[in-house]
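Asks: Predicted coordinates and the sequence they were generated for:
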Number of protein chains: 2
Amino acid sequence: MNHPREVRRAIRAGRHRGHTAGLAPGHVQGNVCILPREYAEEFRLFCERNPKPCPLLALSKPGDPRLPELGEDLDIRTDVPRYRVFRDGVQSEEVTDLRDLWRSDLVTFVLGCSFSFEEALMKAGLPLRYVEEGTNVPMYRTNVDTAPAGRFRGKLVVSMRPFKPAAAIRAIEITSRYPRVHGAPVHIGRPDLIGIEDLARPWAGDPTEVREDELPLFWACGITPQSVVLEAKPTLCITHAPGHMLVTDLENASLGER
Amino acid sequence: MNHPREVRRAIRAGRHRGHTAGLAPGHVQGNVCILPREYAEEFRLFCERNPKPCPLLALSKPGDPRLPELGEDLDIRTDVPRYRVFRDGVQSEEVTDLRDLWRSDLVTFVLGCSFSFEEALMKAGLPLRYVEEGTNVPMYRTNVDTAPAGRFRGKLVVSMRPFKPAAAIRAIEITSRYPRVHGAPVHIGRPDLIGIEDLARPWAGDPTEVREDELPLFWACGITPQSVVLEAKPTLCITHAPGHMLVTDLENASLGER
């Protein structure tokens, strides 16, 4: 499935229920966060104040399941392969369709995801070890505070990818051109300086080896808003299940600044 | 002296013989290398193959002391405060005027210098320790080969500036926008991986402390071509004396890519 519309149609029809990595290559995939209207303004402000972990790509009108700027046919109630539903900050169910849960006050936030800059890194010949090894990228909770907005506050979560020094510099140059999908890393080397005690024990994802001649590079991670939202314990919050992203019509190349 | 033309006039008249750091703020200063025509094509190719240490800003016609693209009034025979003259690879004299030495076969190369990107770093609030301490930037010969061209070959020389991790990432982002003045660093952290044994013992310049929570960043250095040219032992080579640069009309901002 190479075209995003085709991918969304297969998901909508229940023909695709799995991960979205590698689908519709070249197109932007998004983190999804759906909240009742009463939280929307505060969360929008949180995204605005924390553009690295929360690069806002699109925001719906209350109750409107469409996001025409991401795809004319797109329906957020049916076009994500798997959703997680949280009530008062606790996960209550996983579902593959939101039509029964949909309400007229729900607002959808779509945030950029690292798949876009990873494509640019791989095109530049920079290898991603976790991709080569078929595992998930390791994620860590840091001691770095996000900028609070109303009820939303908490620590920054980062993903880590190791590179040799010259490749690390290239990776910084490349990802700095993609501010709408996390942008440049937030930290390099020395995990202890941001409160990460042991690289071998990630908070989420799988451990990735950092070899003797490599430096760990840390990017703000799209899990941060989920983590922050869940601490705020909204009455309802719906997200995509990890790896089951929203496939959009936007092209990764369109997010690059040069 | 704020205007480049005013600076060059003072130098030409012998009223300024010192360093050029801080003169004509906002304007590009250049490394100078003058060679007989028989070496010019090979050295031009060397610059083309090594744009990070040798970012070529301007190249004169043989025998022509003018470089109108860098300043309408500019005369390379009189507008540098102090020159070094090398014969067969050995320094023979330092002079303040080239009119007696000028020949109809001499070709002038002007290369970008780190002053330009340092201005951008300081404007972004990133401190440069060696500037604050009033010393010279430390420079190191690495074990990294430049790409050879004819008789010109040799090891890359780098300058080092220490930063905390997040500032190091900002410094990489900023300098990557200035490819015509060395661009992004070539290495970060781990000096041993590029053959630098002891940061406290630079090959040129003064040692700079790297604190416990900092990483050393290494940029390709404008000394590289001088070092390479001198190993090639041309019959004649004239350079600026360290810190005594050519002040041009180009604006630093014009070299930035965004």
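Replies: Yes, it's here. Numbering: from 1, shown residues only, chains lettered A, B, ... in the order given.
Asks: Any idea which residue is closest to the centre of chain A?
Replies: Geometric centre of chain A, nearest residue: A:Gly222, 3.4 Å, by C-alpha atoms, centre = their mean.
Asks: helices or strands next to the lowest-mean-pLDDT helix or strand in chain A in the packing?
Replies: Ranked by mean pLDDT, DSSP states H and E, the helix or strand of chain A with the weakest confidence is helix A:223-232, at a mean of 84. With contacts defined as 3 or more C-beta pairs under 8 Å, 6 or more residues apart in numbering or on different chains; DSSP states H and E, helix A:223-232 has these neighbours: strand A:27-36, helix A:37-49, strand A:155-163, strand A:237-240. The C-beta positions use only the backbone N, C-alpha and C, and glycine is treated the same way.
Asks: what's the model's confidence in the third one, averaged?
Replies: Per-residue pLDDT over strand A:155-163 has a mean of 95.
Asks: What's the first helix or strand after that strand?
Replies: Once strand A:155-163 ends, the next helix or strand along the chain (criterion: DSSP states H and E) is helix A:165-175.
Asks: what sits up against the helix or strand just after that following helix?
Replies: Next helix or strand after helix A:165-175 toward the C-terminus (DSSP H and E): strand A:187-188. The contact list for strand A:187-188 (C-beta atoms under 8 Å, 6 or more residues apart in numbering or on different chains) reads A:142, A:158, A:168, A:172, A:193-194, A:215-218, B:165-166, B:168-169, B:188-189, B:215.
Asks: Residues of the stretch 51-200 of chain A that sit close to chain B?
Replies: Within the stretch 51-200 of chain A, the positions near chain B by C-beta under 8 Å from any C-beta of the partner chain are A:164-166, A:168-169, A:172-173, A:176, A:184-190, A:193.
Asks: tell me the domain boundaries of chain A?
Replies: Domain ranges of chain A: A:4-114+A:231-253, A:117-224, per automatic domain parsing.
Asks: Now the helices and strands packed on helix A:223-232 in JSON lines, please, with extra columns for mean neighbour count.
Replies: Output for the helices and strands packed on helix A:223-232, formatted as JSON lines (neighbours: other C-beta atoms under 10 Å in any protein chain shown):
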{"stretch": "strand A:27-36", "mean neighbour count": "25"}
{"stretch": "helix A:37-49", "mean neighbour count": "18"}
{"stretch": "strand A:155-163", "mean neighbour count": "24"}
{"stretch": "strand A:237-240", "mean neighbour count": "24"}
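Asks: would you list the ones you listed in JSON lines and tack on distance to B:Arg9?
Replies: Converted to JSON lines, the helices and strands packed on helix A:223-232 look like this (distance: least, C-beta to C-beta, whole Å):
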{"stretch": "strand A:27-36", "distance to B:Arg9": "55"}
{"stretch": "helix A:37-49", "distance to B:Arg9": "51"}
{"stretch": "strand A:155-163", "distance to B:Arg9": "49"}
{"stretch": "strand A:237-240", "distance to B:Arg9": "66"}
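Asks: Mind checking these for the one nearest to A:Val228?
Replies: With C-beta to C-beta, the closest approach to A:Val228 among the helices and strands packed on helix A:223-232 belongs to helix A:37-49: 7.0 Å.
Asks: Report all helices and strands that the closest one contacts.
Replies: Helix A:37-49 sits against strand A:56-59, strand A:106-112, helix A:223-232, with contacts defined as 3+ C-beta pairs under 8 Å, 6+ apart.
Asks: Could you say which of the ones you listed is packed most deeply?
Replies: Mean neighbours per residue, mean count of other C-beta atoms under 10 Å in any protein chain shown, is largest over those for strand A:106-112, with a mean of 25.
Asks: what's near enough to touch A:Ala147?
Replies: A:Phe46, A:Arg49, A:Asn50.
Asks: please redo it, this time with the cut-off set to 6 Å
Replies: Each residue near A:Ala147 by C-beta atoms under 6 Å, 6 or more residues apart in numbering or on different chains is listed here: A:Arg49, A:Asn50.
Asks: Surely it is in a strand?
Replies: No: according to DSSP: H, G, I helix; E, B strand; the rest coil, A:Ala147 belongs to no strand; its state is coil.
Asks: Quick check: can you name the pairing partners of the helix or strand encompassing A:Pro216 and their directions?
Replies: Using DSSP H and E, A:Pro216 sits within strand A:215-220. Paired with strand A:215-220 in the same sheet, following DSSP bridges, are strand A:155-163 (antiparallel), strand A:187-188 (antiparallel).
Asks: Could you tell me how far it lies from the centre of the chain?
Replies: Relative to its chain's centre, strand A:215-220 lies at 16 Å (C-alpha atoms, centre = their mean, to the nearest Å).
Asks: For the residue lying closest to A:Met1 once chain neighbours are set aside, list the residues it contacts.
Replies: Among residues not flanking A:Met1 along the chain, A:Val7 sits closest, at 4.7 Å (C-beta to C-beta, 6 or more residues apart in numbering or on different chains). By C-beta under 6 Å, 6+ apart, A:Val7 lies in contact with A:Met1, A:Leu23, A:Ala24, A:Val247.
Asks: JSON lines please, covering those and showing pLDDT.
Replies: Compiled in JSON lines, the contacts of A:Val7 are given as follows (pLDDT from 0 to 100):
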{"residue": "A:Met1", "pLDDT": "70"}
{"residue": "A:Leu23", "pLDDT": "92"}
{"residue": "A:Ala24", "pLDDT": "94"}
{"residue": "A:Val247", "pLDDT": "97"}
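Asks: got a winner among the residues you listed for most neighbours?
Replies: For the contacts of A:Val7, the largest neighbour count, defined by other C-beta atoms under 10 Å in any protein chain shown, is 29 neighbours, found at A:Val247.
Asks: returning to that earlier point: now the residue nearest to A:Met1, what's its secondary structure?
Replies: Secondary structure assignment for A:Val7 (three-state DSSP): helix.
Asks: start to end distance for stretch A:47-59?
Replies: With C-alpha to C-alpha, to the nearest Å applied, stretch A:47-59 spans 11 Å between its terminal residues.
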